[in-house]
Structures are given as C-alpha cells and as structure tokens.
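Just a sequence and a predicted model for now, questions to come.
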Amino acid sequence: MEKRASRDRELKAARRFDQRISKLSKVTNALVRKRHLEKQKRDPVRKGSTLSNEPVFPPPAPSVQLRHKIISGMCEDIDPARLEEAGCAVCGQLTPTVQLTKINYQLAGPG
C-alpha cells in the first residue's frame with residue numbers, strides 16, 4: 001500500500017511538473033512570437049516583402065539632360081589638363097598644372 005501511495009505522489013508530481021513546463025513553454029513561445037513581430041515592424045523591408053514604396057528595379061533610364069550632365073562632368077574631370085602634374089619651380093613639389101602659374105609672370109614685377 002505504501003508503494004502505491006509513493007507511486008501516486010510521484011505521478012502527481014510528474015503531472016504538476018509537466019503542467020508547469022507546458023505553461024512555461026506557452027509563455028516563452030508567446031514572448032518569442034511577440035519579439036519577432038516587433039522586429040518585423042521595425043524592419044519592414046525584408047526579402048520577399050511586397051511593400052508599395054519599394055524602389056523599382058531596374059530603375060528607368062536617365063533623361064537626356066541628366067545623361068548629358070553626367071557625361072560632361074566626367075569629361076571635365078578626366079581632362080588631361082586637369083590630370084597633368086608638373087613640378088613647382090621653387091620647391092619641386094608635384095602640383096596639378098591648372099594650379100601652377102607661369103614663372104615669367106612671377107618675375108615680371110619688381111623684386
């Protein structure tokens with residue numbers, strides 16, 4: 001009889017343990033789900049999302065005026081006169097030629 005009572009107590013304890021674990025896992029799952037939803041709200045642009053404000057890919061071609069401006073700017077930036085460097089007559093430091101002045105202008109004044 002005592003073995004049976006002991007066994008019944010063990011079974012009762014095991015059931016209570018299972019119930020507590022079950023409640024705990026439900027709470028844990030709810031917290032995990034809540035955190036996941038909050039994260040999705042913070043970061044709405046995710047892979048595979050279909051938001052209406054997503055950029056269209058590939059983007060449309062630029063207008064003729066914009067293409068002209070881009071190409072003209074590039075041509076100005078890579079102009080050989082802008083890229084060419086020469087040594088300073090005084091110190092020898094390499095300097096872009098567009099920033100140098102001719103030496104004869106320097107010597108033309110009194111001095």
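Structure's in. What do you need? All of these numbers come straight from a predicted model, not from anything done at the bench.

Counting residues, name the longest helix you see in the chain.
Counting by DSSP state H, the longest helix found in the chain is helix 2-42.

so what's the nearest residue to residue 84 once chain neighbours are set aside up against?
Nearest non-adjacent residue to residue 84, counting by Cβ to Cβ, 6 or more residues apart in numbering: residue 97, 4.7 Å away. All C-beta atoms are positioned from the backbone trio N, CA, C, and that covers glycine. If you count contacts by Cβ atoms under 8 Å, 6 or more residues apart in numbering, residue 97 has them with 81, 84-86.

likewise residue 81?
By Cβ under 8 Å, 6+ apart, the contact list for residue 81 reads 97-98.

From residue 88, how far out is the residue nearest to residue 84?
Note on residue 97: its distance to residue 88, by Cβ to Cβ, to the nearest Å, is 11 Å.

Tell me the spacing between residue 15 and residue 86.
Distance, residue 15 to residue 86, by Cβ to Cβ: 92 Å.

related to what we said a few turns ago, got the phi/psi numbers for the residue nearest to residue 84?
The phi/psi pair for residue 97 (degrees, to the nearest 10) reads phi -60, psi -30.

gap between it and residue 91?
Computed as Cβ to Cβ, the residue 97 to residue 91 distance reads 16 Å.

Confidence-wise, which helix or strand of the protein is lowest on average?
Within the chain, no helix or strand scores below helix 103-107, which has a mean of 64 by mean pLDDT, DSSP states H and E.

What's the local residue count around the residue nearest to residue 82 when sequence neighbours are not counted?
Spatial nearest neighbour of residue 82, excluding adjacent residues (Cβ to Cβ, 6+ apart): residue 98 at 5.8 Å. Other residues within reach of residue 98, judged by other Cβ atoms under 10 Å, total 11.
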